[in-house]
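Enquirer: Predicted model and sequence follow; I will ask about them next.
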Amino acid sequence: MNQKKKVSIHDRNRGYQALNLVDTGLADVVRPWFTGYEGPAARRIETAINALDRPAQRDRAADFLGLEIKPAA
């Protein structure tokens, strides 16, 4: 049986956190944390948010967004 991993996300800059999440759909969890940006910055942020749902790009995207993703306890 294929079990999904659980993770916790911490925003290093603003104190947001989300705990014990299934590691799919992370983009939808953090998207509200990044509202209010416009122009080129908004496009880069949205690209990074979407990359959180792709395991191969997740670490780089999290770093760009100032997020720390750790396995849930």
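Expert: Noted; the coordinates are in hand.

Enquirer: gap between the two ends of stretch 21-28?
Expert: 11 Å (C-alpha to C-alpha, to the nearest Å).

Enquirer: Any idea how far that stretch is from the middle of the chain?
Expert: 8 Å (C-alpha atoms, centre = their mean, to the nearest Å).

Enquirer: List of residues touching that stretch?
Expert: By C-beta atoms under 8 Å, 6 or more residues apart in numbering, the list of residues contacting stretch 21-28 from outside reads 4-9, 29, 49-50, 52-53, 55, 58, 69, 72. Bear in mind the C-beta positions are built from the backbone N, C-alpha and C, glycine included.

Enquirer: Which among these count as buried?
Expert: Among the contacts of stretch 21-28, those classed as buried by 16 or more other C-beta atoms under 10 Å are 7, 9, 29, 49, 52, 58, 69.

Enquirer: So which of the residues you listed is the closest to residue 38?
Expert: In terms of C-beta to C-beta, no member of the buried ones among the contacts of stretch 21-28 lies closer to residue 38 than residue 49, at 15.1 Å.

Enquirer: related to what we said a few turns ago, between the buried ones among the contacts of stretch 21-28, which sits nearest residue 15?
Expert: Nearest to residue 15 among the buried ones among the contacts of stretch 21-28: residue 9, at 12.0 Å, using C-beta to C-beta.
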